[in-house]
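Student: Just to be clear, the model below is a prediction. Sequence and coordinates:
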Amino acid sequence: MSVFNPTSVSPQAGAGLARKVSPQAAARRARQRWWQLNAPMTDWSGRRVWLVGASSGIGLACAQALRAAGALVLISARNPQGVTAWAAQDSAVQWWPMDVTDPGQVQAVARAILAEGPLDLVVYAAGYYRAQRATALNLDELLAHDRVNYQGALQVLAAVLPGLLAQQHGHISLLSSVAGWRGLPNGLGYGPTKAALTHLAETLYMDVQDQGLGVSVVSPGFVATPLTAQNDFAMPALLTPEQAARAMLRGWARGQFDIHFPHRFTLWLKLLRLLPYRLYFPLVRRFTGL
Ligand SMILES: NC(=O)c1ccc[n+]([C@@H]2O[C@H](COP(=O)([O-])OP(=O)(O)OC[C@H]3O[C@@H](n4cnc5c(N)ncnc54)[C@H](OP(=O)(O)O)[C@@H]3O)[C@@H](O)[C@H]2O)c1
């Protein structure tokens, strides 16, 4: 078994990697401001965007905002009801049914989409959430979170990345959550999958930034969607899916890697992240009452 050991990577190996910057990537990087981690995406006219998990909620609102800005949107999920009437009226909206837990379906849809032309943006928005605490552990539910939220993202990544690397252009945006920033009560199934997604995006960014690709991780606070409709508490700083979509387009336009919103909520959570566990645990228990 080969184990990654950072100390075993020689400086020569690093130099070899650095030399592999593609000319397109170098030209794009030269146009970026120093604070922008990605090439800003502002002109959506004619852009092809694949949104996975966009039959409702944030993904659907995002597809609508991108379409309104001129993009061609390719939408995948299992249930078409939020999309079919819209796709029937507008030829720049395409419905590509797909279950992210079925690797064969993911490969086939990605292959067909890439065969029709290059992709400018892939958004992974598929998500599954059920509140769960360790005092009532349900393994099937835990694994269901992993299959949709994390393994599904891996399936999509594996299906599109070779094509994006070959075209030396494109951006991958993963819908994570502030729930992945640190452990929270009720997040036994959901939180770890979102932490994994954020980690995945960070690692992905470092691996592909020199290949002309962009990567961003989106961490919303609370957004009123079918996913959060089950919450039986008052959700602080609750946004509409349309507000969430606007924040995402703003983040992409600014070339951000870490797109989080609303700041009146997420900046407090960023602060909580810095606290030592001795303070973090009692504070969170006091805020949540759990
Ligand atoms: N709402 C929030 O407050 C909030 C906060 C932070 C992060 N997020 C994240 O934002 C993303 C979107 O969630 P949302 O709030 O907009 O909830 P949502 O309306 O329930 O959307 C979830 C989407 O995932 C799709 N999906 C679920 N299982 C799938 C599968 N096996 N294969 C393909 N697609 C699947 C659903 O479509 P089908 O059921 O038709 O397949 C739906 O389009 C999720 O990743 C969620 O974790 C949400």
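Tutor: Noted; the coordinates are in hand.
Student: what about the nearest residue to E242 once chain neighbours are set aside, distance to the ligand?
Tutor: Among residues not flanking E242 along the chain, A61 sits closest, at 5.0 Å (CB to CB, 6 or more residues apart in numbering). For glycine as for every other residue, the C-beta is placed from the backbone atoms N, C-alpha and C. The gap separating A61 from the ligand is 8 Å, by CB to the nearest ligand atom, to the nearest Å.
Student: what do you get for R67?
Tutor: 16 Å.
Student: That residue against D90, yeah?
Tutor: Yes - counting by CB atoms under 8 Å, D90 is a contact partner of R67 at 7.1 Å.
Student: quick one: average pLDDT of stretch 75-92?
Tutor: Averaged across stretch 75-92, pLDDT comes to 95.
Student: Same check on stretch 136-152?
Tutor: 98.
Student: What residues sit buried inside that stretch?
Tutor: By neighbour count with 16 or more other CB atoms under 10 Å, stretch 136-152 contains the buried residues 141-142, 144-152.
Student: Residues touching it, excluding its own?
Tutor: Identification of contacts with stretch 136-152 by CB atoms under 8 Å, 6 or more residues apart in numbering yields 52-53, 100-101, 106, 124, 126-130, 132, 188-190, 192-194, 196-197, 200.
Student: Mind doing that once more with 7 Å?
Tutor: Residues outside stretch 136-152 that contact it (CB atoms under 7 Å, 6 or more residues apart in numbering): 100-101, 126-128, 130, 132, 188-190, 193-194, 196-197.
Student: Give me the nearest residue to A153, chain neighbours excluded.
Tutor: A153 sits nearest to Y124 (CB to CB, 6+ apart), 4.9 Å away.
Student: how about that neighbour, phi and psi?
Tutor: For Y124, the backbone dihedrals (degrees, to the nearest 10) come out as phi -100, psi 100.
Student: With the one 4 residues further on instead?
Tutor: Per-residue torsions, Y128: phi -140, psi 130 (degrees, to the nearest 10).
Student: wait, what's in contact with it?
Tutor: Contacts for Y128 (CB under 7 Å, 6+ apart) come out as 144-145, 148-149.
Student: Repeat that for L119.
Tutor: 48, 50, 113, 160, 164, 170.
Student: now do G180
Tutor: By CB under 7 Å, 6+ apart, the contact set of G180 is 191, 194-195, 197-198.
Student: Can you report phi and psi for whatever residue of the stretch 101-250 of the chain ends up closest to the ligand?
Tutor: Proximity of the stretch 101-250 of the chain to the ligand (CB to the nearest ligand atom) peaks at G127, 2.3 Å away. Dihedral pair for G127: phi -150, psi 150, per degrees, to the nearest 10.
Student: cool, and the one 10 residues further on?
Tutor: Geometry field for L137 lists phi and psi as phi -70, psi 130, criterion degrees, to the nearest 10.
Student: A224 now?
Tutor: phi -80, psi 100.
Student: same deal with H260?
Tutor: For H260, the backbone dihedrals (degrees, to the nearest 10) come out as phi -130, psi 150.
Student: swap in V93?
Tutor: Dihedral angles for V93 - degrees, to the nearest 10 - are phi -120, psi 120.
Student: quick one: the residue lying closest to it once chain neighbours are set aside and A234, what's the gap?
Tutor: Ranked by CB to CB, 6+ apart and with sequence neighbours excluded, the top spatial neighbour of V93 is A87, at 4.5 Å. To A234, A87 is 36 Å away according to CB to CB, to the nearest Å.
Student: who's more crowded, these two?
Tutor: A87 (17 against 7; other CB atoms under 10 Å).
Student: I believe that one is in a helix; please confirm or correct that.
Tutor: Yes - using DSSP: H, G, I helix; E, B strand; the rest coil, the assignment for A87 is a helix.
Student: For stretch 62-72, which outside residues touch it?
Tutor: 44-49, 51, 54, 73, 75, 92-93, 123, 125, 245-246, 248-249.
Student: Could you rerun that using 8 Å?
Tutor: 43-49, 51, 54, 73, 75, 83, 86, 90, 92-94, 120-121, 123, 125, 241-242, 244-246, 248-249.
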